[in-house]
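[1] The sequence and its predicted three-dimensional model are supplied below.
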Amino acid sequence: MRLALLYNGEFSVIKSLLTPESMALWQQQALGLAGAAALTWATRPGTGGGASASAPGYAGAALVAYGALLWLGTHDSDH
């Protein structure tokens, strides 16, 4: 949650300076962050399967989700 608030704070400061391409990258990163947060929330203990039942699947999915989020943030440093 804190990461999302920090991300939103940074975006609100610089959004008037962004090109349309950069705006699209910020939106992609926001969707990636929301997807990773939803994945974490959906697999937390007490939501059905529990953490022990979904731990191996969650570990793999989280690795892919957060890896994709990092890639989106660093693959094109010109924007």
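    Yes, it's here.

[2] Check which residues of the helix or strand hosting Ala61 are buried.
    If you go by DSSP states H and E, Ala61 is part of helix 50-74. In terms of neighbour count (16 or more other C-beta atoms under 10 Å), helix 50-74 has its buried residues at Ser54, Tyr58, Ala61, Ala65, Leu69, Leu72. (C-beta placed from N, C-alpha, C; glycine too.)

[3] Just list what it packs against, helices and strands only.
    helix 20-42 (3 or more C-beta pairs under 8 Å, 6 or more residues apart in numbering; DSSP states H and E).

[4] In this protein, which residue is most central in space?
    Leu33 (1.4 Å; C-alpha atoms, centre = their mean).

[5] which residues touch that residue?
    Neighbouring residues of Leu33 by C-beta atoms under 8 Å, 6 or more residues apart in numbering: Leu3, Ala4, Tyr7, Leu69.

[6] What sits closest to Thr40 if chain neighbours are left out?
    Ala62 (7.0 Å; C-beta to C-beta, 6 or more residues apart in numbering).

[7] does the one you found really touch Trp41, like I thought?
    No - under the criterion of C-beta atoms under 8 Å, Ala62 makes no contact with Trp41, lying 11.8 Å away.
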